[in-house]
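In: Mind folding the following:
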Amino acid sequence: MKTWASKYDEEVSLFNYNGPELMAREFAKLNVPKDVKVIDIAAGTGALGKELKALGYTCIDALDGSEGMLEAARKKNIYRNLFQFLLGCDKKSPITYGTYDIAVSCGGIGIGHIPYSAFHDILTMVKQGGLVCWATINPKEEQEKETYNSVITELKDSGKWEAVQDPVRVEEFYKNELALFYVMKKL
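Out: Residues are numbered from 1 along each chain as shown. This is a model prediction of the structure:
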């Protein structure tokens, strides 16, 4: 993973990975204050953090499971703090309950990445009234779709979060595929 981290930005650009730029554009439309505390979940090498910093956000931390990815991100001087941790592994998070105003994730939640059940963990990182924002290519397999929708619905039905807006279509997110940008508010 360390070797891949050094080539990651270059490799994903070959596949027209526009996700971080597109997500940052949609995030900016929320008009949240620039001094909010943000945790970038599955931060990777810092592509989304870089876009948010360019928009004027200054209190951004990173969380990723890969030491190599975080090392690449560290070199970009985007984040205040970097946490190496795998979400969804039933281990205690290094993030204190209610630390952040906003949790963001761009392409990091789903098959092969962070399991959907990790939304429970992500919610604990956010203050009451805070936001959880993510952009993802919608699941294609029926079972995966069912799991994704059931976690989102379960958190809504149990009064843990509510949608701030309908999901926004984001065209040409990755390999010319569209994604959806979600914004949920912690209750």
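
In: Give me the buried positions along the lengthiest helix in the chain.
Out: Counting by DSSP state H, the longest helix found in the chain is helix 142-157. Residues of helix 142-157 classed as buried: 147-148, 151-152, 155 (neighbour count, 16 or more other CB atoms under 10 Å). Glycine gets a C-beta too; all of them are placed from N, C-alpha and C.

In: C-terminal to that helix, which secondary structure element comes first?
Out: Proceeding N to C from helix 142-157, the next assigned helix or strand is strand 161-163, under DSSP states H and E.

In: And the strands in the protein?
Out: For the chain, the strands defined by DSSP state E occupy 37-41, 59-64, 82-84, 100-106, 126-136, 161-163, 168-174, 177-186.

In: re the thing from before, how about CSV for the buried residues of helix 142-157, with distance to residue 170 and pLDDT added?
Out: Formatted as CSV, the buried residues of helix 142-157 follow (distance: CB to CB, whole Å; pLDDT from 0 to 100):
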residue, distance to residue 170, pLDDT
147, 22, 86
148, 17, 87
151, 21, 94
152, 17, 95
155, 22, 97
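
In: These: which two are farthest apart?
Out: Among those, the pair separated by the greatest distance (CB to CB) is 147 and 155, at 13.0 Å.

In: show me what contacts residue 86?
Out: residue 65 (CB atoms under 8 Å, 6 or more residues apart in numbering).

In: Residue 179 reaches residue 138, doesn't it?
Out: Yes: the pair residue 179 / residue 138 is scored as a contact, 7.4 Å apart, by CB atoms under 8 Å.

In: Looking at the two, which has the bigger crowd around it?
Out: For residue 179 versus residue 138, neighbours defined as other CB atoms under 10 Å are more numerous around residue 179 (25 against 14).

In: give me every residue that touches the closest residue in space to the more buried one that isn't next to it in sequence.
Out: Closest residue in space to residue 179, ignoring its immediate chain neighbours: residue 173 at 3.6 Å, by CB to CB, 6 or more residues apart in numbering. Counting by CB under 8 Å, 6+ apart, residue 173 touches 17-19, 22, 107, 135, 137, 179.
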